[in-house]
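Participant: return a 3D structure for these sequence lines:
(chains A and B)
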Amino acid sequence: SQTIHQWPATLVQPVGSPLSLECTVEGTSNPNLYWYRQAAGRGLQLLFYSVGIGQISSEVPQNLSASRPQDRQFILSSKKLLLSDSGFYLCAWSRGESYNSPLHFGNGTRLTVT
Amino acid sequence: AQSVTQLDSHVSVSEGTPVLLRCNYSSSYSPSLFWYVQHPNKGLQLLLKYTSAATLVKGINGFEAEFKKSETSFHLTKPSAHMSDAAEYFCVVTLYGGSQGNLIFGKGTKLSVKP
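Facilitator: From the prediction side, this is the model:
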């Protein structure tokens, strides 16, 4: 069966510090990978998605970047965090062969920028 | 353009009573529709999905949803609420022909269950 791992679960970082959140998927090949952010009262916002190694699409201009160094690894980064980067970050995967395949989410990372 | 509207931001029911969470969609094409549940500080879990097969879709934990094209609705129901159903629920529609990034999430409905 497929599993998705996301870490850390919680993170408190000062403004201006770097960020690296990691997500890995097991049990499937060539998944589509996603990073979402969920801010209080604002629903889910798609940040990045990837259909293959090195292929990243950005949905919203922002202070963040994403990379996919391996087929089942997806990393969310920032060089300098802003207060507005606080939120709940969710990684997800879906099967690559069908546009209507459901998303499978990790347990999320609660990021607080102080 | 495709969109999804969850008509209630908060629904409160008593344990053992029926649950109805409403979702309306707008789509130029036959959509794929999903319901997800999110417990506090957890990721979203797929409850059920509709992908143009049977219009009545059964999901996990006793939930089901009915696709009604004439009403452009995909409401989520459960005959009898349990305390463990207290969570936030999201209705999602996919964009036909779009890239894999084109999912539209509703703003969520928070379900409270009173003992």
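Participant: make it CA atoms for all contacts and neighbour counts henceforth
Facilitator: Fine.
Participant: pick out the residue in chain A sitting closest to chain B.
Facilitator: residue A:107 (4.2 Å; CA to the nearest CA).
Participant: now that residue: closest residue in space, sequence neighbours ignored.
Facilitator: Leaving aside its chain neighbours, residue A:107 sits nearest to residue B:43 (4.2 Å; criterion: CA to CA, 6 or more residues apart in numbering or on different chains).
Participant: for residue A:17, same thing?
Facilitator: According to CA to CA, 6+ apart, the nearest residue to residue A:17 is residue A:80 (5.0 Å).
Participant: re earlier: pLDDT score assigned to the residue of chain A closest to chain B?
Facilitator: According to the prediction, residue A:107 has pLDDT 94.
Participant: number of nearby residues for the closest residue to residue A:108 other than its chain neighbours?
Facilitator: In this structure, residue A:108 finds its nearest non-sequential neighbour in residue A:90, 4.5 Å apart by CA to CA, 6+ apart. The tally of other residues near residue A:90 (other CA atoms under 10 Å in any protein chain shown) stands at 26.
Participant: where does pLDDT dip in chain B?
Facilitator: B:95-102 (pLDDT under 70).
Participant: how about the residues of chain A near chain B?
Facilitator: A:32, A:34, A:42-44, A:46, A:49, A:51, A:90, A:96, A:99-100, A:102-108, A:110 (CA under 8 Å from any CA of the partner chain).
Participant: so what does the residue nearest to residue A:107 have for phi and psi?
Facilitator: phi -70, psi 180 (degrees, to the nearest 10).
Participant: got a list of what the residue of chain A closest to chain B touches?
Facilitator: A:5-6, A:9, A:90, B:41-44 (CA atoms under 8 Å, 6 or more residues apart in numbering or on different chains).
Participant: for residue A:5, same thing?
Facilitator: A:23-25, A:106-107.
Participant: change it to 10 Å
Facilitator: Contacts for residue A:5 were tallied using CA atoms under 10 Å, 6 or more residues apart in numbering or on different chains; they are A:22-26, A:73, A:91-92, A:105-108.
Participant: among these, which two are most distant?
Facilitator: A:26 and A:108 (16.5 Å; CA to CA).
Participant: looking at those two, which one has more neighbours?
Facilitator: Neighbours per residue (other CA under 10 Å) separate residue A:26 from residue A:108, with residue A:108 holding more: 28 against 13.
Participant: ok, back up a step: does the residue of chain A closest to chain B sit in a helix, a strand or a coil?
Facilitator: Taking DSSP: H, G, I helix; E, B strand; the rest coil as the rule, one finds residue A:107 in the coil state.
Participant: please tell me how far it sits from residue B:10.
Facilitator: Separation of residue A:107 from residue B:10 (CA to CA, to the nearest Å) stands at 23 Å.
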